[in-house]
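Just to be clear, the model below is a prediction. Sequence and coordinates:
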Amino acid sequence: MTEKTWTVVASDQILKDRWIDLRADVCRTPSGAEIAPYYVLSYSDWVHIVAITTDDELVLVRQYRHGVGGWVTELPGGMADPGDPSLAESAARELLEETGYRAAETPRLIASLDANPATHTNRVYTFLALGVTLERPPALEAGEEGLSVLLMPMDQVADALRRGEISQAMHVAGLSLALLEAGYLRA
């Protein structure tokens, strides 16, 4: 079977600023059906970092997420900055900014996943950093007001995942793959 893609017949820019790029496409499927509007969100790529301290603790952040209207426990991370020399350095920068922890070595890429291939154009990159140490207080941005740093002993992480204490799906996926890679979970 040959895989055929849709054809974009027309595209209308709905909104574009530093955070989001939303467009409405008019698409034609290979059989000729028209799908309109089909909304596409173009974001910068995102980076997440699974950071494990020298004391065998996972570095997490807890912050308010307006989309769900509540506080969520997550991996440190954010948008990849075009000014960063690499995605690994974006992840290390986010770790230091949000938590004050520094990676001893360049973080290792664990996964490159589609954020949401139905509507998003970006990818999410998950990195692993072992032996991180606290270097300084966090340097938070305005949208991170109230963010707190949590340290979770590694022997409690799998149970926390099972209980849904870390509920952001992309973080769960990346964290699970990193824990497999680092030997904390078995396949």
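Yep, it's here.

Run a quick neighbour tally on Arg18.
Residues lying near Arg18 (other CB atoms under 10 Å) number 7. Placement of C-beta: from N, CA and C, glycine included.

how would you label it: helix, strand or coil?
At Arg18 the chain is in coil, as set by DSSP: H, G, I helix; E, B strand; the rest coil.

Dihedrals phi and psi, it?
Here is the backbone geometry of Arg18 (degrees, to the nearest 10): phi -70, psi -20.

Return the distance of the lengthiest strand in the chain from the chain's centre.
Counting residues, the longest strand in the chain under DSSP state E turns out to be strand 123-134. Centroid separation for strand 123-134 versus its chain: 11 Å, with CA atoms, centre = their mean, to the nearest Å.

separation between Val68 and Leu22?
The gap separating Val68 from Leu22 is 20 Å, by CB to CB, to the nearest Å.

meant to ask about Glu89, not that
Taking CB to CB, one finds Glu89 at 29 Å from Leu22.

Domain parsing of the protein, as residue ranges.
The chain breaks down by automatic domain parsing into domains covering 7-42, 46-182.

can I get those domains in JSON lines with distance to Met1 and mean pLDDT?
Formatted as JSON lines, the domains of the chain follow (distance: least, CB to CB, whole Å; pLDDT from 0 to 100):
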{"stretch": "domain 7-42", "distance to Met1": "11", "mean pLDDT": "96"}
{"stretch": "domain 46-182", "distance to Met1": "19", "mean pLDDT": "96"}
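
Right, I'll call it a day here.
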